[in-house]
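# using only what follows, build the 3D model:
(chains A and B)
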Number of protein chains: 2
Amino acid sequence: MKIALDAMGGDFAPKAVVQGALLASKEVSKDTTLVLVGQEEAIRAEFTEGIPANVEIVDAPQVIGMAEHPTKALSQKPQSSISIGYQLLKNKEVDAFCSAGNTGAMLVGAIFSVQVIPGVLRPTIISHVPKLDGSYGIILDVGANTDCKPEVLAQFGEIGAMYCQHVFKTDNPKVALLSLGEEEQKGNLHTQAAHQLLKKNERLNFVGNIEGRDLFNESADVIVCDGYVGNVVIKMAESYYEILKKQQYSNPFFDNFNYEVIGGSPVLGINGNVVIAHGVSNDKAICSAIMLSERLTQAELYQKIQHSLKEQNN
Amino acid sequence: MKIALDAMGGDFAPKAVVQGALLASKEVSKDTTLVLVGQEEAIRAEFTEGIPANVEIVDAPQVIGMAEHPTKALSQKPQSSISIGYQLLKNKEVDAFCSAGNTGAMLVGAIFSVQVIPGVLRPTIISHVPKLDGSYGIILDVGANTDCKPEVLAQFGEIGAMYCQHVFKTDNPKVALLSLGEEEQKGNLHTQAAHQLLKKNERLNFVGNIEGRDLFNESADVIVCDGYVGNVVIKMAESYYEILKKQQYSNPFFDNFNYEVIGGSPVLGINGNVVIAHGVSNDKAICSAIMLSERLTQAELYQKIQHSLKEQNN
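This is a model prediction of the structure:
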């Protein structure tokens, strides 16, 4: 397996990315190679003690900044690390691509290169949600889709369930809709309609609506919502982690919210394995993002989503 | 001042309400009287040590249950504590009404009795948000309006600013829009349009978008969002409080999330002072809800909102 890594992505690139790759090079499977994509000289300069045998470098002279307009940046910078990373992924020269760089550019790049799986209404960015019992659930979408039609929300339920099933190995994952009341008529216009679609989907173990207070309990494995509320939720959770850390309060549940542990957010619904890491990623976070990319690739999730949608459309 | 209290509202009524009224009877101003509305005999039975001089009882033989359909319940039970409480408020026999009962019935009752202030697009339920510096901000809406047009969101900014100004005595309160990025083009279709309306409103100190991570810092005094995301936010905050309490972690900031301290959520945009308390309210929470009702009445907030909207429409 080959995992491409955007060496120029994130606030502390390329140093943190190279350090993260070094950590991951000792953790990944024997048959996994890391492909660092970015300004070759700058990358090489960071490897002060030599380059491990399972690390390769692909030169990409251009860099897309964190604040650049995604579509413009990608078309104006075909030699950027993000553009070249996606080229490698599209040509199947690598099996996964991960980056702590410009999220918008990562998303647009995915759509233009490996493209959306036929039958997928909207690709989605998911986030892992630590549970009080020590396990993880997921929430989707967390920012790629701010306005979601009911059928899009309903499909998030399916995609999310496949993630839990194949990546977390959760049997018959519980899918819930994030709302403001457990009753099915509670919610906004979109979630009310999505509730009905999810309810009649026999492929899903739909458990109904959950509320903001149920995010971390055993109510659901897959929490479906639009990217606006999902983004607010994960950033709020992040802020709690930061506040408690500052207060020097440590606890296994809260420690699981450390982005260094989770590493990144997978992009689902596209023909490839893509993980977007946090812009502030340090070496540990980059290492976790690489490990998540490996896990996603091993699970063959996107191929299973392709297969499932093909069956549904036949 | 007279504050009507729904003695039959909440999971532990009438006991908890009577106990809360007893606590409050010692805390309110000398000229404040509490009017307990509900089944007179049941209420009297709870006053085992006599009824304080500043507590009155108004009989209301019917009770609206927590799960009843709001509109149906109100029309079918004109002798319920919520119906009679609103009658008293409408006839100005009391200055405020508070209840830990059926939220929907409280909201519908307000709209049908004291009615919406002319010019107010949608009445709204707000919630106090503890800040890291020990102060409080507010978030609105938190559940009354799941789908909000841009002009409704923009007006929440005005109503919220008046609340902070007159109830919290915050000078020139900072109004922000809850979104998923600070840039003004970030957000869903409604928040993007609301951003433009808030920006051009010269009466407001609009500070732009904030993210989920900024809820508790100094970024904003008034956080504007639709009732769907607002409800998720406050219930998620509540769950954090409960989790930390179970873990026996105490800290001044987190302790401020205790609903017993805040007491309730004011309904704004109507011609009267109304506070909705938590369904699980105990005596302390009821006492806090009464104190909040008194504070709201002293601030003459609804009269100031009436005045402001009248001026705007002239």
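# quick one: the lengthiest helix in chain A to helix B:227-246, angle?
When chain A is parsed with DSSP state H, its longest helix is helix A:227-246. On the basis of axes from the mean of the first three to the mean of the last three Cα atoms, to 10 degrees, helix A:227-246 is oriented at 30 degrees to helix B:227-246.
# could you name the helices and strands sitting against helix A:227-246?
strand A:124-130, strand A:136-140, strand A:174-178, helix A:252-255, helix B:227-246 (3 or more Cβ pairs under 8 Å, 6 or more residues apart in numbering or on different chains; DSSP states H and E). From N, CA and C alone the C-beta is placed, and that goes for glycine too.
# mean pLDDT, distance to A:Met291 and mean neighbour count added to those, as TSV?
Conversion of those to TSV gives the following (pLDDT from 0 to 100; distance: least, Cβ to Cβ, whole Å; neighbours: other Cβ atoms under 10 Å in any protein chain shown):
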stretch	mean pLDDT	distance to A:Met291	mean neighbour count
strand A:124-130	97	12	25
strand A:136-140	97	14	25
strand A:174-178	98	26	25
helix A:252-255	92	17	15
helix B:227-246	96	27	22
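# switch the ones you listed over to a markdown table; also include distance to B:Thr297.
Formatted as a markdown table, those follow (distance: least, Cβ to Cβ, whole Å):
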| stretch | distance to B:Thr297 |
| --- | --- |
| strand A:124-130 | 42 |
| strand A:136-140 | 41 |
| strand A:174-178 | 36 |
| helix A:252-255 | 40 |
| helix B:227-246 | 23 |
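# which stretch among these comes nearest B:Lys26?
Distance to B:Lys26, taken as Cβ to Cβ, is lowest for helix B:227-246 among the helices and strands packed on helix A:227-246, at 26.6 Å.
# ok, back up a step: closest to B:Phe47 out of the helices and strands packed on helix A:227-246?
helix B:227-246 (31.1 Å).
# what does chain A put close to chain B?
A:132, A:143, A:146-147, A:178-180, A:187-189, A:191, A:211-217, A:225-229, A:231-240, A:242-243, A:247, A:249, A:251, A:253 (Cβ under 8 Å from any Cβ of the partner chain).
# how much space between the residue lying closest to A:Asp141 once chain neighbours are set aside and A:Gln192?
The shortest distance from A:Asp141 to any non-neighbouring residue, by Cβ to Cβ, 6 or more residues apart in numbering or on different chains, is to A:Gly227 (3.9 Å). The spacing between A:Gly227 and A:Gln192, counted by Cβ to Cβ, to the nearest Å, is 18 Å.
# so what touches the lowest-mean-pLDDT helix or strand in chain A?
Least confident helix or strand, chain A: helix A:259-262 with a mean of 88, by mean pLDDT, DSSP states H and E. Contact partners of helix A:259-262, identified using Cβ atoms under 8 Å, 6 or more residues apart in numbering or on different chains, comprise A:127-128, A:238, A:255-256, A:278, A:280-282, A:284-285, A:288, A:292.
# A:Val267: what secondary structure?
strand (DSSP: H, G, I helix; E, B strand; the rest coil).
# for beta bridges, what are the partners of the closest residue to it other than its chain neighbours?
Leaving aside its sequence neighbours, A:Val267 sits nearest to A:Val274 (Cβ to Cβ, 6+ apart; 4.2 Å). Counting by DSSP bridges, A:Val274 is bridged to A:Phe97, A:Val267.
# circling back to that earlier point, so for the least confident helix or strand of chain A, what gets flagged as buried?
The neighbour-count check on helix A:259-262 (16 or more other Cβ atoms under 10 Å in any protein chain shown) flags A:Tyr259, A:Glu260, A:Ile262 as buried.
# mind listing the helices for chain A?
Using DSSP H, helices in chain A cover A:15-25, A:40-46, A:70-76, A:81-90, A:103-112, A:150-166, A:189-199, A:227-246, A:252-255, A:259-262, A:283-298, A:301-313.
# mean pLDDT lowest for which of these?
When those are compared on mean pLDDT, helix A:259-262 scores lowest, with a mean of 88.
# quick one: that helix to chain centroid distance?
Mean-position distance between helix A:259-262 and its chain equals 12 Å (Cα atoms, centre = their mean, to the nearest Å).
# who's in contact with stretch A:277-291?
In contact with stretch A:277-291 (Cβ under 8 Å, 6+ apart) are residues A:3, A:5, A:9-12, A:16-17, A:19-24, A:27-28, A:34, A:66, A:98-101, A:103, A:259-265, A:275.
# returning to what we had before: quick check: the residue nearest to A:Asp141 touching A:Ile126?
No - at 10.4 Å, A:Gly227 and A:Ile126 do not qualify as touching, with contact defined as Cβ atoms under 8 Å.
# find residues that contact each of those two.
Joint contacts of A:Gly227 and A:Ile126 (Cβ under 8 Å, 6+ apart) are A:Asp141, A:Val142.
# what distance do you get for A:Leu178 to B:Lys199?
29 Å.
# try A:Thr103
When A:Thr103 is compared with B:Lys199 (using Cβ to Cβ), they lie 25 Å apart.
# neighbour count winner among these two?
A:Thr103 (22 against 14; other Cβ atoms under 10 Å in any protein chain shown).
# tell me the contacts of that one?
Taking Cβ under 8 Å, 6+ apart as the test, what A:Thr103 contacts is A:Ile125, A:Gly143, A:Ile276, A:Gly279.
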